[in-house]
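K.L.:
I need the structure of the sequence given here:
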Amino acid sequence: MSDKADIKVVIVDDSDFSRSIIRKMLTEEGIEIVGEANGAEAALNVIKSKKPNIVITDIVMPEVSGIELTEKITKNYDDIAVIVVSSLSQEHIVLEAIGAGASDFIAKPIQKQQLIDSLEKIITQD
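P.N.:
Model (predicted):
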């Protein structure tokens with residue numbers, strides 16, 4: 001990936017409001033949202049069909065947590081980066097997310113510039 005136009009993102013959050021905020025931030029920057037999901041199982045289906053470069057996921061979701069989803073993604077798709085976002089930002093949660101394979105962790109409420117900086121950091125690592 002060389003620029004924002006090459007990024008394809010899937011947003012995973014059980015909150016419609018949170019997904020809409022992230023969607024708005026990214027589309028304003030010209031970043032393509034190829035899918036959204038309100039839980040891990042739906043997310044895995046979207047990921048399989050849409051083949052994103054980046055997945056942005058919340059941690060706290062019903063049934064399967066964002067940490068478990070991150071582990072599944074990084075185990076099965078080595079070409080997909082995961083950004084974990086959460087209102088839970090205690091150090092052990094951040095370390096757990098990174099340990100699961102997340103490329104970055106962003107605390108909610110998400111600041112647009114922080115999200116864009118995270119995406120740009122991931123792009124330049126490729």
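
K.L.:
if you skip the residues just before and after it, what's nearest to the residue most central in space within the chain?
P.N.:
Central residue of the chain (C-alpha atoms, centre = their mean): residue 56, 1.0 Å from the mean position. Once flanking residues are discounted, residue 56 sits nearest to residue 83: 4.7 Å by C-beta to C-beta, 6 or more residues apart in numbering. Glycine gets a C-beta too; all of them are placed from N, C-alpha and C.

K.L.:
same question, residue 101
P.N.:
residue 74 (3.0 Å).

K.L.:
SS state for the one you found?
P.N.:
Secondary structure for residue 74, judged by DSSP: H, G, I helix; E, B strand; the rest coil, is helix.

K.L.:
for it, give its distance to residue 57.
P.N.:
11 Å (C-beta to C-beta, to the nearest Å).

K.L.:
neighbour count winner among these two?
P.N.:
residue 57 (25 against 17; other C-beta atoms under 10 Å).

K.L.:
the more buried one is in what secondary structure piece?
P.N.:
Using DSSP states H and E, residue 57 sits within strand 54-58.

K.L.:
also residue 82?
P.N.:
Here residue 82 sits within strand 81-86, counting by DSSP H and E.

K.L.:
contacts for that strand?
P.N.:
13, 18, 22, 53-60, 66-67, 69-70, 73-74, 93, 97, 100-108, 110, 115, 118-119, 122, 125 (C-beta atoms under 8 Å, 6 or more residues apart in numbering).

K.L.:
among those residues, which ones are buried?
P.N.:
13, 18, 22, 53-59, 66-67, 69-70, 73-74, 93, 97, 100-108, 110, 115, 118-119, 122 (16 or more other C-beta atoms under 10 Å).

K.L.:
and residue 101, what does it touch?
P.N.:
Per C-beta under 8 Å, 6+ apart, neighbours of residue 101: 70, 71, 73, 74, 75, 82.

K.L.:
swap in 10 Å and give it another go.
P.N.:
With contacts defined as C-beta atoms under 10 Å, 6 or more residues apart in numbering, residue 101 is in contact with 67, 70, 71, 72, 73, 74, 75, 78, 80, 81, 82, 84.

K.L.:
list just the nearest of those to residue 7.
P.N.:
Distance to residue 7, by C-beta to C-beta, is smallest for residue 81 among the contacts of residue 101, at 9.7 Å.
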